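Q: compute the structure for the input listed below.
(chains A and B)
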Amino acid sequence: MDLLAQILINGVLLGGLYAVMALGLALVWGVLNIVNLAHGAFIMLGGYLSWHLYTYLGIDPFLGLPITAVVMFCLGYVLQRGVLNLIVRAPMFNTLLITFGLEVVLTYLAQLAFSADFRTINPSYAGSSIALGPVVVPVARLMAFGVAVALTVGMWLFLLHSRLGRAIRATAQNLVAARLYGVEPRHLYAMTFGIGIGLAGAAGGLYGTVSQIDPYIGATLTAKSFAIAIIGGLDNPLGVLVGGLVLGIIESLTVLYVGATFGDVASFGVLVLVLIFRPSGLLGKTA
Amino acid sequence: MSNMTMRLAGALFGAVALSSFPAMAEDLVLGASVQLTGPVANTGRYYKDAYQFTIDKINEAGGVKVGDKQYKLALKLYDNQSDVNLSVRQYTQLISQDKVNLLLGPFASNFALADSAVSEKYQVPMVQGGGASDQIFSRKFKYIFGTLAPASNYFGSTVKMMKELDPAPKSVALLYADDAFDVSVAEGTRPLLKDAGITVALDERYTSNASDFNSLLSQIKSANVDAVLVAGHETEILNFVRQAKSLAVAPKLYSFTVGVPSEDFRKALGKDADYAFGMSAWLPSADLKDKYFGDAAAFAEAYKAKFGYEPDYHAASGAADVEALAQAVEAAGTLDPKAVRDAIAKLSFDSLYGKIAFAENGQIDLPQTVIQVQDGKVAAVYGAKGFIEKPKYPMPAWNAR
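A: Numbering: from 1, shown residues only, chains lettered A, B, ... in the order given. As a prediction, this is how the structure comes out:
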């Protein structure tokens, strides 16, 4: 029983981390209709940025998250205006190609710049934990979970209530109507992509405190984020949080009851089931 | 033709001329495909650096003498991007197009397993120091030789040591990744544990590159095992240790097949690397005499000075591979791959890596020294003759460090 409780806690905390990784991907996908295959690479870059801030400037990884997010936002904004905007009207296949290319370029640039050595962001509290009876709650994961929930709810409120958020949603729903109301799509797309990449950067900082960073972590993180975005649905950030939690809990339980090699089988199995039974995501509107 | 194109053509021709001239007549070319990029690039570089370093050293000493002709060694190296299929294609290309004389190996068992099929097919000997899985050597191949100790015996010395510890661990958890090397390790370790009378309380295979060990760690904690043995890759081991700390899982002992000997493992974990056990078939000792480098300590020092990081057993094994090929060619007195192959099989010489002499199946057998990270440094703890330095055992709880 204690074991089960511990596994569920693990799953929930893992799920929070998953959610924050997928948040930016879902946003960009939902609004720009770009499946950003370089999303994981941006998480990786965010991780390196946090690592540098922590290692050379001594900035705590959690306090450094806003810096990482802002820098990554700027990178995202520029990339969207300069590169991705060229293909925003192009068929899906072109967007996949260009983001895949971006992934390759970023990954290998990262190896050139940072080498293939593993980096960890290891503040003193990274390994500490709180004991709740027999159950142990890792502090860094709990903090990462808190950030994940805050970012998700923040995103949700932002999209619902702020002027920019409403413009983003309007553009996602009907571009022509949004333009008629004075939305400038080029700027708006770049803002959206920037926010998506900023979120990826923040996720990278969190990832570096609980796991480690090397230039090649991106591809698997993209795949995970992709699955979560589909499970959670694209039109609501809360859906992404639910998707992350579902995936985290299912993976943890699978490792306990089935075997440690079946975690991915379970998560992608869930993905297939969701696609069959609820194609617009767990919280998405049923078609 | 415009001026620009002319110049370009000239530069191109120059480059071709430059790269092809030294490769003529007097060069003995060794071919290899190594992971310079991709997820295992951080270990792949050991082989690139060790190969080039050893080749340069041998050339400095005049190269190799084959019959009455003097040859310089040259290296033809490809980056396989950590992709097995690409690696197989590159070895095929090395033999059929680049016409290299002899082959050096890639890193990792699953690569060596696939690539050795190429060397076997074309009957060009490959001496590799990156694949330890017993599977590589159980196929009766004649052209593959390996300088890593057998995977099945990686935990041999550790289990032996466990029996002599006080209090001796009674139960273990055995975790291993689902690839050729780690499965061989697990298969070899089970009977060792059984003979030692140690119960295997948890025996779990996990996915290579897994990043989440929380569930397995919770099971380990719940089973309350004394020792944990993990066969995996460095990235997994790092995740394992960090997550063990964050879940306050502290068995009396844990030991890992990789990571512990390498510098970047200790750098990444900092103080948390302490108490981790591992094994190495090689330590940079001045007792290991070498024809080209003097001894292993001198090798390690020169290597670190040149590349800026400490060599571990991967690098030493790679250096030994180059030496084995050089010695075998000299002994054979010809570049004919078949004759060189027979000479490799008969080799017996002392190197910076230890005594190089291959068994019938092509694999070398070296004893594994148990090592432990103590105060940020690797200490040799247990060898063939028993304890060397006192192991820090049992490992204290994480909050008591």
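Q: any idea which element the nearest residue to residue B:28 once chain neighbours are set aside lies in?
A: Nearest residue to residue B:28, sequence neighbours excluded (Cβ to Cβ, 6 or more residues apart in numbering or on different chains): residue B:71, at 4.2 Å. Placement of C-beta: from N, CA and C, glycine included. According to DSSP states H and E, residue B:71 maps onto strand B:69-79.
Q: next, the buried residues of the following helix or strand past that strand.
A: Downstream of strand B:69-79, the next assigned helix or strand under DSSP H and E is helix B:84-96. Residues B:84, B:87-88, B:90-95 are the ones in helix B:84-96 that count as buried (16 or more other Cβ atoms under 10 Å in any protein chain shown).
Q: in TSV: the residues you listed, plus distance to residue B:32 and pLDDT.
A: Listed next are the buried residues of helix B:84-96 as TSV, based on distance: Cβ to Cβ, whole Å; pLDDT from 0 to 100:
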residue	distance to residue B:32	pLDDT
B:84	15	95
B:87	10	97
B:88	13	97
B:90	9	97
B:91	8	97
B:92	13	97
B:93	12	96
B:94	8	96
B:95	12	96
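Q: what's the most distant pair in the residues you listed?
A: Greatest spacing in those, by Cβ to Cβ: B:84 and B:95 (17.2 Å).
Q: who are the contact partners of the residue nearest to residue B:28?
A: Each residue near residue B:71 by Cβ atoms under 8 Å, 6 or more residues apart in numbering or on different chains is listed here: B:26-28, B:63-65, B:329.
Q: in the sheet, who's paired with it?
A: Beta bridges link residue B:71 to residue B:64 when assigned by DSSP bridges.
Q: just for chain A, where's the confidence low?
A: A:285-287 (pLDDT under 70).
Q: swap that for chain B, please
A: Checking chain B against pLDDT under 70 turns up B:1-25.
Q: care to break it down by domain?
A: Following automatic domain parsing, one finds the domains of chain B at B:10-149+B:284-356, B:153-280+B:368-400.
Q: ok so, going back, mind putting the buried residues of helix B:84-96 into TSV with distance to chain A?
A: Below are the buried residues of helix B:84-96 laid out as TSV (distance: Cβ to the nearest Cβ, whole Å):
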residue	distance to chain A
B:84	15
B:87	16
B:88	21
B:90	18
B:91	22
B:92	24
B:93	22
B:94	23
B:95	28
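Q: which of the residues you listed sits closest to residue B:202?
A: Closest approach between the buried residues of helix B:84-96 and residue B:202, by Cβ to Cβ: residue B:84, at 29.8 Å.
Q: surely the closest one and residue B:114 touch.
A: Yes. The pair residue B:84 and residue B:114 passes the contact test of Cβ atoms under 8 Å, sitting 5.1 Å apart.
Q: distance-wise, check residue A:74 relative to residue A:191.
A: In this view, residue A:74 and residue A:191 are 11 Å apart by Cβ to Cβ, to the nearest Å.
Q: so which of those two has more stuff around it?
A: residue A:191 (19 against 13; other Cβ atoms under 10 Å in any protein chain shown).
Q: check which helix or strand that one maps to.
A: Using DSSP H and E, residue A:191 falls in helix A:185-210.
Q: again with residue A:19
A: helix A:2-32.
Q: just checking, what packs against that helix?
A: Counting contacts by 3 or more Cβ pairs under 8 Å, 6 or more residues apart in numbering or on different chains; DSSP states H and E, helix A:2-32 packs against helix A:39-57, strand A:135-138, helix A:139-161, helix A:163-173, helix A:185-210, helix A:218-232, helix A:237-257, helix B:214-223.
Q: now render these as a markdown table, adding distance to residue B:316.
A: Below are the helices and strands packed on helix A:2-32 laid out as a markdown table (distance: least, Cβ to Cβ, whole Å):
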| stretch | distance to residue B:316 |
| --- | --- |
| helix A:39-57 | 30 |
| strand A:135-138 | 38 |
| helix A:139-161 | 37 |
| helix A:163-173 | 57 |
| helix A:185-210 | 32 |
| helix A:218-232 | 32 |
| helix A:237-257 | 37 |
| helix B:214-223 | 32 |
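Q: dump the contacts of residue B:71 to JSON lines, plus neighbour count.
A: Listed next are the contacts of residue B:71 as JSON lines, based on neighbours: other Cβ atoms under 10 Å in any protein chain shown:
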{"residue": "B:26", "neighbour count": "12"}
{"residue": "B:27", "neighbour count": "18"}
{"residue": "B:28", "neighbour count": "20"}
{"residue": "B:63", "neighbour count": "19"}
{"residue": "B:64", "neighbour count": "19"}
{"residue": "B:65", "neighbour count": "13"}
{"residue": "B:329", "neighbour count": "26"}
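Q: the residue sitting nearest the centre point of chain B - nearest residue in space that isn't next to it in sequence?
A: Centroid-nearest residue in chain B, with Cα atoms, centre = their mean: residue B:314, separated by 3.4 Å. Closest residue in space to residue B:314, ignoring its immediate chain neighbours: residue B:46 at 4.1 Å, by Cβ to Cβ, 6+ apart.
Q: list the buried residues in the strand or helix carrying that neighbour.
A: Assigned by DSSP H and E, residue B:46 falls within helix B:41-60. The neighbour-count check on helix B:41-60 (16+ other Cβ under 10 Å) flags B:41-55, B:57-59 as buried.
Q: for that helix, name the packing helices and strands.
A: Helix B:41-60 packs on strand B:27-34, strand B:69-79, helix B:296-307, helix B:313-332, going by 3+ Cβ pairs under 8 Å, 6+ apart.
Q: that helix: how far from the chain's middle?
A: 13 Å (Cα atoms, centre = their mean, to the nearest Å).
Q: what do you get for stretch B:199-206?
A: Worked out by Cα atoms, centre = their mean, stretch B:199-206 lies 25 Å from the chain centre.
Q: would you format the contacts of residue B:71 as TSV with distance to residue A:161 included?
A: Listed next are the contacts of residue B:71 as TSV, based on distance: Cβ to Cβ, whole Å:
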residue	distance to residue A:161
B:26	77
B:27	72
B:28	73
B:63	75
B:64	76
B:65	82
B:329	76
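Q: show me which of those residues is closest to residue B:182.
A: residue B:329 (34.2 Å).
Q: from what I can see the closest one touches residue B:102, true?
A: Yes. Residue B:329 is within contact range of residue B:102, at 7.4 Å (criterion: Cβ under 8 Å).
Q: so who does residue B:207 touch?
A: Per Cβ under 8 Å, 6+ apart, neighbours of residue B:207: A:260-261, A:263-264, B:177-178.
Q: try it again with 10 Å
A: Residue B:207 is in contact with A:255, A:259-265, B:177-179, B:236, counting by Cβ atoms under 10 Å, 6 or more residues apart in numbering or on different chains.
Q: ok, it to residue A:16 distance?
A: For residue B:207, the distance to residue A:16 - Cβ to Cβ - is 22 Å.
Q: please apply the same query to residue B:27.
A: In terms of Cβ to Cβ, residue B:27 sits 58 Å off from residue A:16.
Q: could you do residue A:280 as well?
A: Residue A:280 is 23 Å from residue A:16, by Cβ to Cβ.
Q: okay, these two: which has more neighbours?
A: Neighbours per residue (other Cβ under 10 Å) separate residue A:280 from residue A:16, with residue A:16 holding more: 26 against 16.
Q: before I go, just wanted to say thanks for your time.
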